[in-house]
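Enquirer: with the input below, show me the fold.
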Amino acid sequence: MAERSRGTGSKDEDRPLRRDAARNRERIVHAAREVFGLRGLGVTLDDVARHAGVGVGTVYRRFPTKEALVRAVFEQDLAMRQESAQQALEHPDPWQGLVDFLMTMTADLAESRGLHEVIMLGSHSSEPFETARGGMRPYLEALIRRAQDSGQLRAEVVPSDIPVMQQMLIAAAQFTQGRRPDIWRRYIEILLNGLRQRPDDAPLTTPGLSDPLVEQLMGLVRPEPAQAPPDQD
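Expert: Numbering: from 1, shown residues only. All right, here's what the predicted structure looks like:
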């Protein structure tokens, strides 16, 4: 009986440790999201530990490498990008669906330097990340085709224009050095006015970047071809 009591006590004592471990992990991920967002992926696990208020050994026990921590922080964000694109495809107005997607995507990139580096600069490579990043192209193609078919988007616009535009917008936000991080909203309005089809539009005289070049600049490893999402009426 005495041995069974000691065994039961040991299990009870383990439970707070497991709860503490879960709380520490949550604290570390939250701190990493803030630090990566403000300073990018160049920070160290020591930086994350200091921000989380835990010892660096605690961080390493939960995340043996920085890559593991980056994945824990941003994997869900990448999945949410595809969800946002799918919602945009379901919008009854093809133009507004495209606008909503661009606004949401640019806001996320402007608010998090780390997410910008993961998505736009290929600063982290793992199979789930590459699949999510590469998997955005069919959605972009469908959003653009849908808006063009409705007569609201210029016929010259191609999917490779979108990441270049977003780089321009993020550069505008970074140019203010934190004083006007929302300035990208002004310039996306200007860009959207340029994207919208009008009867008196002058044709664009400079071709867009090729898809392979944009993928190379983004550090994108093209995944296996995926089936494009169905057109939404």
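
Enquirer: please make it C-alpha for all contacts and neighbour counts, starting now.
Expert: Fine.

Enquirer: how about the helices in the chain?
Expert: With DSSP state H as the criterion, the chain has helices at 2-39, 45-52, 56-62, 66-89, 94-111, 113-120, 127-134, 136-149, 161-175, 184-195, 211-217.

Enquirer: tell me the most buried of those?
Expert: helix 113-120 (a mean of 24; mean count of other CA atoms under 10 Å).

Enquirer: so how far is that helix off the chain centroid?
Expert: Relative to the chain's own centre, helix 113-120 is displaced by 6 Å; criterion: CA atoms, centre = their mean, to the nearest Å.

Enquirer: check which helices and strands it is in contact with.
Expert: Judged by 3 or more CA pairs under 8 Å, 6 or more residues apart in numbering; DSSP states H and E, helix 113-120 is in contact with helix 2-39, helix 66-89, helix 94-111.

Enquirer: how big is the angle separating it from helix 94-111?
Expert: 130 degrees (axes from the mean of the first three to the mean of the last three CA atoms, to 10 degrees).

Enquirer: can you put the helices of the chain in TSV and add distance to Pro203?
Expert: Converted to TSV, those look like this (distance: least, CA to CA, whole Å):
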stretch	distance to Pro203
helix 2-39	39
helix 45-52	50
helix 56-62	55
helix 66-89	27
helix 94-111	20
helix 113-120	28
helix 127-134	30
helix 136-149	15
helix 161-175	16
helix 184-195	11
helix 211-217	21
